[in-house]
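K.L.:
A predicted structure for the sequence below; I have some questions about it.
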Amino acid sequence: MITGSKSKNRIIGKVIIYALLIVLAIIMLIPFVWMITASLKLNKDIFVIPYQWINPEPRWQNYIDIWTKIPLAKYALNTVKLTLIVTCLQILTSSFAAYAFAKLQFKGRNILFLAYIATIAVPWQVYMVPQFIFMRKLGLADTHLAIIILQAFSAFGVFLMRQFYEGIPDSLCEAARIDGMNEYKIYAQIMLPLSKPALSTLIIFTFVNTWNDFLGPLIYLTTDSKKTLQIGIKMFISQYSAEYGLIMAASVLSLIPVLIVFMSLQKYFVAGITTGAVKG
Amino acid sequence: MSSNAAVIQAKSASAKKREVRKAMVAYSFIAPNFLGFAIFTLGPIILAFIMAFTEWDGSNPMKFIGIQNFANLFGNDRFVAALKNTIVYSIFTVPLTLVAALALAILLNQKIKGTTFFRTVTFFPYVASLVAVAAVWNMLFTPNKGGLMNQLLMKVGLEPLKWAAAPNTVMFTIILFSIWKNMGYYMVIYLAGLQGISEDLYEAASLDGANGWQKFWYVTLPQLKPTTFFVTVMLTISCFKIYDIVYMLAGGSNGVVNKSAIVLVYYIYEEAFRNWKLGSASAGALVLFAIVLIITLIQFRGEKNYAND
């Protein structure tokens, strides 16, 4: 009798949980579903009452027109180029520096590391203006190099990698040193292969940040042919705010790479957030 | 004797040499990142502190004017509005996001099928590019009656709203959007916190006859205190840095945000890159820095407390 009502309670509990989860999924997903359906419509069909979720005649033409309406391929190419270069530089230089901070003894180690830690607390928005003025003095305004420099040397990367290297026992490096390996070899052949999880976390964060970056390119890039996807699409939205179908098609396209990277490296994303959380 | 000393000296010299070589190797590891970091991050940070006390347009010579910029800030109604809006935004966004993230984490920590899918769905808006999702939101929340949200409001018998297009609802729309976009991120942090709570505590509570609500109130919530503290700090800092959401939802076609929605970072951006008043922009930036610094210091103290627990 008692167990019967208990299992009944459990079933009711599960039903409630699933009901809540479904409501949640609808709230989270509706904007994306709407985006896709709207991207296959004529502008005049988008704000009809009630909204047509199922479209008998999807207008694929939107996905063809968007490439000629704006230089979308150029924007995409710029974004891919910047994202790849920044991500590579970021992992190389951060893991390199982090190795020294974690495994080597030298003068000034603590002070140098403190300089990194201190700047994590300073939001980029605080120094974006002097940084821009400085870059402009160097002749880097309106160049991709500026965006690369902006993103490639983050304190976050060094911090994250050092945190991970600290967890690798020193005896491993010692043994390698006794075997006559030099530090560069130890870094390249022992530490780097061991740090795949941390590298994956850093890659995915850098990738998504650079791909989605808005304020940096907005400030620096003025020539149309140098603009990134985000800025390019935003400009298109400002200029042709009534081209709903095309705006949605461009938005869908810009989300696809992020979706792919996110889906394939999701667990590292979660790992990255929680290391940050545990260590503060 | 003397030859002995020479040997020792020679030894210590070679030891010193080795030491120097070791240090050089270490510096060579750090140099690529540190040079970039020092020149393009550390340098500009120092420059920001100097610029705040000058009048400068970026091309003519700098003029030191002391604290004039800061004095002017509080007489500038766009800055005052920006500060006020940022605070209002944070006051609402922080607790609401926190509660939503906690509720989601508890819901998605249940041992049921499909949680991975629902976690992914909740988290995706956080990584999705803002330009794309903001574009959809602007259409879903369009001020005319054809928008999905207004259709929904009218269906339940309410008046359609102007959302981001009206001064009295623009902040509300921005807050709603940022909760939707960011709660998945904080949910992940809460999930990690929940998974760190020992099962024994719940079993002990069950033995004492605690029901679900009591377990939440007397076990889960107290155990999550450090997580909640961390999430509050992170959220508050990120709220004060808000810029792009406002730019996307409330910026006109030329990107100008009016007084009902202007925020601190937009003020900095506008003063610097539209008005070329770099001193005044940097003074605004230092106000932002001071706020973030205070929150960070509170975090340090709090962390010490939790470490002692």
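P.N.:
Okay, I see it.

K.L.:
how about A:Pro169, phi and psi?
P.N.:
Reported as degrees, to the nearest 10, the phi and psi values for A:Pro169 are phi -60, psi 140.

K.L.:
Spatially nearest residue to whichever residue of chain B sits closest to chain A, not counting backbone neighbours?
P.N.:
Per CB to the nearest CB, B:Gly146 is where chain B lies closest to chain A, at 2.9 Å. Heads up, the C-betas are built off the backbone N, CA and C, glycines and all. Closest residue to B:Gly146 apart from its sequence neighbours, by CB to CB, 6 or more residues apart in numbering or on different chains: A:Phe47 at 2.9 Å.

K.L.:
which stretch of helix or strand covers residue 173?
P.N.:
Assuming you mean chain A. Assigned by DSSP states H and E, A:Cys173 belongs to helix A:170-178.

K.L.:
wrong chain, I was asking about chain B
P.N.:
In this structure, B:Thr173 sits in helix B:170-195 according to DSSP H and E.

K.L.:
what's that helix packed up against?
P.N.:
Under the contact definition 3 or more CB pairs under 8 Å, 6 or more residues apart in numbering or on different chains; DSSP states H and E, helix B:170-195 sits against helix A:2-39, helix A:244-279, helix B:77-108, helix B:115-127, helix B:130-140, helix B:225-240, helix B:244-250.

K.L.:
averaging pLDDT over each of those helices, which comes out lowest?
P.N.:
Among the helices and strands packed on helix B:170-195, helix A:244-279 has the lowest mean pLDDT, at a mean of 82.

K.L.:
Could you check how far that helix is from the centre of its chain?
P.N.:
Distance of helix A:244-279 from its chain centroid, counting by CA atoms, centre = their mean, to the nearest Å, is 6 Å.

K.L.:
right, is it up against chain B?
P.N.:
Yes: judged by CB under 8 Å from any CB of the partner chain, helix A:244-279 comes into contact with chain B through A:244, A:247-248, A:250-252, A:254-255, A:258-259, A:262-263, A:266, A:269-270, A:273-274, A:277-278.

K.L.:
Between helix B:130-140 and that helix, find me the angle.
P.N.:
Helix A:244-279 and helix B:130-140 are oriented at 120 degrees to each other (axes from the mean of the first three to the mean of the last three CA atoms, to 10 degrees).

K.L.:
Can you list the buried residues in helix A:244-279?
P.N.:
Residues of helix A:244-279 classed as buried: A:244-255, A:257-258, A:261-262, A:265-266, A:268-277 (neighbour count, 16 or more other CB atoms under 10 Å in any protein chain shown).

K.L.:
Could you do stretch B:49-60 as well?
P.N.:
Neighbour-count burial for stretch B:49-60 flags B:51-56, B:58 (criterion: 16+ other CB under 10 Å).

K.L.:
For whichever residue of chain A sits closest to chain B, grab the count of nearby residues.
P.N.:
The minimum distance from chain A to chain B, using CB to the nearest CB, falls at A:Phe47 (2.9 Å). Residues near A:Phe47, counting by other CB atoms under 10 Å in any protein chain shown, number 19.

K.L.:
Surely it is in a strand?
P.N.:
No: A:Phe47: not assigned to a strand; according to DSSP: H, G, I helix; E, B strand; the rest coil it is coil.

K.L.:
wait, what's in contact with it?
P.N.:
A:244, B:142, B:144, B:146-147 (CB atoms under 8 Å, 6 or more residues apart in numbering or on different chains).

K.L.:
same check, this time on A:Leu140
P.N.:
Contacts here follow CB under 8 Å, 6+ apart; on that basis A:Leu140 touches A:146, A:149.

K.L.:
if you set the cut-off to 7 Å instead, what comes out?
P.N.:
Applying CB atoms under 7 Å, 6 or more residues apart in numbering or on different chains, we find A:Leu140 in contact with A:Ala146.

K.L.:
and residue 68, how many neighbours?
P.N.:
In the absence of a named chain, chain A is used. Counted with other CB under 10 Å, residues neighbouring A:Thr68 total 9.

K.L.:
hmm, I had chain B in mind actually
P.N.:
Neighbour count for B:Gln68, taken as other CB under 10 Å: 16.

K.L.:
Likewise for B:Gly209?
P.N.:
B:Gly209, neighbours per other CB under 10 Å, totals 7.

K.L.:
For the stretch 1-150 of chain A, just list every one of the helices.
P.N.:
With DSSP state H, counting those that start in this stretch, the ranges of helices along the stretch 1-150 of chain A come out as A:2-39, A:61-69, A:72-103, A:109-120, A:124-137, A:144-152.

K.L.:
Taking their axis directions, the fifth one and helix A:109-120 sit at what angle?
P.N.:
Orientation of helix A:124-137 against helix A:109-120 (the same axes, to 10 degrees) gives an angle of 100 degrees.

K.L.:
sorry, back to before: could you export the helices and strands packed on helix B:170-195 as CSV, including distance to B:Tyr269?
P.N.:
Putting the helices and strands packed on helix B:170-195 into CSV (distance: least, CB to CB, whole Å) gives the following:
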stretch, distance to B:Tyr269
helix A:2-39, 26
helix A:244-279, 23
helix B:77-108, 10
helix B:115-127, 23
helix B:130-140, 16
helix B:225-240, 14
helix B:244-250, 8
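
K.L.:
And those helices: which comes nearest B:Asn33?
P.N.:
Nearest to B:Asn33, of all those, is helix A:244-279, at 18.7 Å by CB to CB.

K.L.:
and that closest one, what does it pack onto?
P.N.:
Judged by 3 or more CB pairs under 7 Å, 6 or more residues apart in numbering or on different chains; DSSP states H and E, helix A:244-279 is in contact with helix A:2-39, helix A:61-69, helix A:155-166, helix A:196-212, helix A:229-239, helix B:115-127, helix B:130-140, helix B:170-195.
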